[in-house]
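take this sequence and fold it.
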Amino acid sequence: MKIRTAADLEAKKQAGLRKLQPGKPRIAVGLATCGKAVGGAKVYERLHEIIGTDNPDIDLSLVGCIGYCCEEPLVNITLPGKPLVILQKVTADDAEEIVRAVEEGGVPEGKALCRIPSWDHVTGCTLTYGEGFERIIPAYKDVPFFSHQKKVVLRNAGLINPEDIDEYIAVGGYAAAQKALTGMTPDAIIEEVEKSGLRGRGGAGFPTGLKWRITRDAKTDKKYIICNADEGDPGAYMNRNEMESDPHMLIEGMIIGAYAMGAAEGLIYIRAEYPLAIRRLGIAIGQAREYGLLGEEVFGTGFSFDIGIATGAGAFVCGESTALVASIEGRAGRPRPRPPRLTDIGGGLFGYPTDLNNVETWCNVPVIISNGSGWYARIGAKGNSGTKVFSLVGKVDRVGLVEVPLGTSLNTIVFEIGNGGAGGKKVKAVQTGGPSGGCIPVRLFDTPVDYESLNRVGSIMGSGGLVV
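Predicted structure coming up:
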């Protein structure tokens with residue numbers, strides 16, 4: 001079925017809601033790379049052996065990663081009328097106990113990390129699960145790792161099946177694209193992005209709306225947009241998880257951007273070391289084409305757009321924009337002097353004006369269009385709107401993906417969310433910005449994490465790796 005109207009989208013939303021809340025117990029295993037690396041696939045296989053296929057009493061599914069990577073494998077249990085419960089450090093040997101508890105209307109309390117009575121998916125959808133287990137399982141908001149976070153980009157990660165487009169639509173997915181393509185002009189979209197204050201999340205912090213306007217204004221019959229998913233900084237895996245856990249979010253952002261800038265073709269440049277992300281992006285692109293969200297006449301309009309995947313060989317330098325374009329064109333991935341810029345005629349892919357944004361930048365676009373630039377601009381700090389996703393790694397007690405409003409201090413991230421040094425050891429410094437960044441000593445941890453403040457202490461934002 002091709003989605004052409006709001007009614008078509010609503011029908012798919014209802015189908016997705018029936019999967020997320022099927023009226024019977026649902027068990028979902030976290031199967032992003034971090035979960036699979038510590039046995040998540042074995043947990044899923046054992047649960048499948050016990051539950052079987054098309055079980056009338058229990059649904060078995062998969063989800064991405066909610067960010068608490070050091071507690072993987074994670075398993076979600078949803079009982080009708082009860083809160084969603086996340087189990088931590090689950091092994092295949094726990095599978096029988098999990099199924100037995102679910103069949104009896106409960107959960108294995110000793111494995112419970114937290115409960116989620118309801119969840120705001122940000123794009124106009126709040127799922128209400130229910131109440132219960134208050135005395136024995138802490139609420140999500142009371143878990144220290146989560147309590148200081150604000151989920152915007154990671155709003156769906158670890159809660160929906162990344163290989164099922166219906167579940168993405170169920171939580172508000174593609175509604176922003178429909179709003180943009182059927183109810184907004186390209187200039188109005190760009191104006192919203194400009195007013196939101198969104199800056200490039202790849203590290204440079206260039207105003208996204210300005211880059212889009214420059215590309216839009218280029219006088220040429222052909223333009224490209226590119227997603228830079230060549231995440232190469234040591235310890236950084238934010239983009240990998242965003243693509244593995246919620247690939248349709250990226251696709252939707254690119255659809256909106258392509259319409260605004262007048263591009264008919266888009267490419268996602270991703271390193272070959274991300275096989276799961278590549279596979280899930282391929283699945284998501286295929287599903288979007290099947291539903292008519294990519295291809296000819298998107299949403300029944302005169303706009304046509306499609307996305308391809310270009311796989312890089314893993315050279316760090318290909319994260320630089322001109323080297324990335326050279327790699328796509330089949331040349332050696334070497335940076336070249338600018339001008340011409342990618343947005344200039346003669347400077348972009350195959351000589352055509354090209355807009356390049358990284359994964360996280362594209363992923364912010366649907367929420368800006370859905371909720372408005374004013375809503376987005378109120379998050380974060382002056383001149384640094386929105387949230388930023390960081391991979392908190394190294395000698396820190398709680399390793400994982402952290403999403404906080406820009407302007408949050410390093411103290412909050414490292415000590416409140418990360419719980420300080422691993423094994424109770426003293427933290428000396430944190431490196432931000434990858435190889436091009438710097439090490440910030442603990443005495444400067446009151447520094448707000450924003451583009452200008454990090455520059456003042458001799459480092460940079462980078463793409464979001466924080467190595468303790």
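
and the gap between the nearest residue to Leu349 once chain neighbours are set aside and Ile27?
Nearest non-adjacent residue to Leu349, counting by Cβ to Cβ, 6 or more residues apart in numbering: Tyr224, 4.5 Å away. Where C-beta positions appear, they are placed from N, C-alpha and C, glycine not excepted. Tyr224 is 42 Å from Ile27, where distance means Cβ to Cβ, to the nearest Å.

and this protein, what are its domains?
Annotated domains of the chain cover 6-167, 174-375, 384-467 [automatic domain parsing].

quick revisit: so who does the residue nearest to Leu349 touch?
By Cβ atoms under 8 Å, 6 or more residues apart in numbering, the contact list for Tyr224 reads 263, 265-267, 348-350, 352-355.

try it again with 6 Å
The neighbourhood of Tyr224, defined by Cβ atoms under 6 Å, 6 or more residues apart in numbering, consists of 263, 265, 349, 352, 354.

wait, the last one touches Gly348, no?
Right, Thr354. Yes: with contact defined as Cβ atoms under 6 Å, Thr354 reaches Gly348; the gap is 2.9 Å.

anything in contact with each of those two?
With Cβ under 6 Å, 6+ apart as the test, Thr354 and Gly348 both reach Leu342.

with adjacent residues omitted, what lies nearest to Lys219?
Ile345 (7.6 Å).

and that neighbour, how many neighbours does it have?
Using other Cβ atoms under 10 Å, Ile345 has 13 neighbouring residues.

shouldn't it be within a helix?
No: when DSSP: H, G, I helix; E, B strand; the rest coil is applied, Ile345 is found to be coil, with no helix at that position.

distance-wise, check Asp344 relative to Pro353.
6 Å.

oh, I was asking about Asp217
Using Cβ to Cβ, Asp217 is found at 9 Å from Pro353.

among those two, which residue is more densely surrounded?
Higher neighbour count among Asp217 and Pro353: Pro353, with 28 against 12, using other Cβ under 10 Å.

for Leu60, what are phi and psi?
Backbone geometry at Leu60, expressed as degrees, to the nearest 10, gives phi -120, psi 130.

what number of residues lie near it?
Leu60 has 18 nearby residues by other Cβ under 10 Å.

ok, now Ala180?
Ala180 has 26 nearby residues by other Cβ under 10 Å.

ok, Val29 next?
Val29, neighbours per other Cβ under 10 Å, totals 26.

also Gly394?
Neighbour tally, Gly394, other Cβ under 10 Å: 20.

what stretches of the chain score poorly on pLDDT?
Counting by pLDDT under 70, not a single residue of the chain qualifies.

let me know the secondary structure of Leu181.
Leu181 ends up helix, using three-state DSSP.

what about stretch 102-112, how long is it end to end?
Length of stretch 102-112, first residue to last, Cα to Cα, to the nearest Å: 13 Å.

what do you get for stretch 225-241?
22 Å.

cool, stretch 69-78 as well?
21 Å.

do stretch 260-279 as well
Across stretch 260-279, first to last residue, Cα to Cα, it's 28 Å.

which of the residues in that stretch are buried?
Of all the residues in stretch 260-279, those buried under the rule 16 or more other Cβ atoms under 10 Å are 260-263, 265-271, 274, 276-278.

gap between the closest residue to Ile278 other than its chain neighbours and Val325?
Closest residue in space to Ile278, ignoring its immediate chain neighbours: Ile270 at 5.9 Å, by Cβ to Cβ, 6+ apart. Counting by Cβ to Cβ, the gap from Ile270 to Val325 is 15 Å.

same check, this time on Gly420
From Gly420 to Val325 the distance is 42 Å (Cβ to Cβ).

again with Trp212
18 Å.

repeat that for Ala263.
14 Å.

same question, Gly205
Applying Cβ to Cβ to Gly205 and Val325 gives a distance of 21 Å.

who's more crowded, the two?
A direct count of neighbours by other Cβ under 10 Å for Gly205 and Val325 places Val325 higher, at 25 against 19.

mind telling me what element the more buried one is part of?
Counting by DSSP states H and E, the element that carries Val325 is helix 321-328.

residues in contact with that helix?
By Cβ under 6 Å, 6+ apart, helix 321-328 touches 269, 310, 312, 317-318, 333-336, 342, 349, 356.

just the CA coordinates of that helix, formatted as CSV?
The C-alpha coordinates for helix 321-328 follow below in CSV (Å, rounded to 0.1, in the frame of the first residue of the first chain):
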residue,chain,number,x,y,z
SER,A,321,33.5,16.6,3.3
THR,A,322,35.6,17.0,0.1
ALA,A,323,37.4,13.7,0.7
LEU,A,324,34.0,12.0,1.2
VAL,A,325,32.7,13.3,-2.1
ALA,A,326,35.9,12.2,-3.9
SER,A,327,35.4,8.7,-2.4
ILE,A,328,31.8,8.5,-3.7
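
quick check: buried residues in that helix?
Quick answer for helix 321-328 (16+ other Cβ under 10 Å): 321-328.

with stretch 123-134 instead?
Buried-residue list, stretch 123-134, by 16+ other Cβ under 10 Å: 123, 125, 127, 129-130, 132-133.

which of those sits closest to Leu84?
Proximity of the buried residues of stretch 123-134 to Leu84 (Cβ to Cβ) peaks at Tyr129, which lies at 4.8 Å.

tell me, how many residues neighbour Gln149?
Here the count is done by other Cβ under 10 Å, and Gln149 has 24 residues near it.
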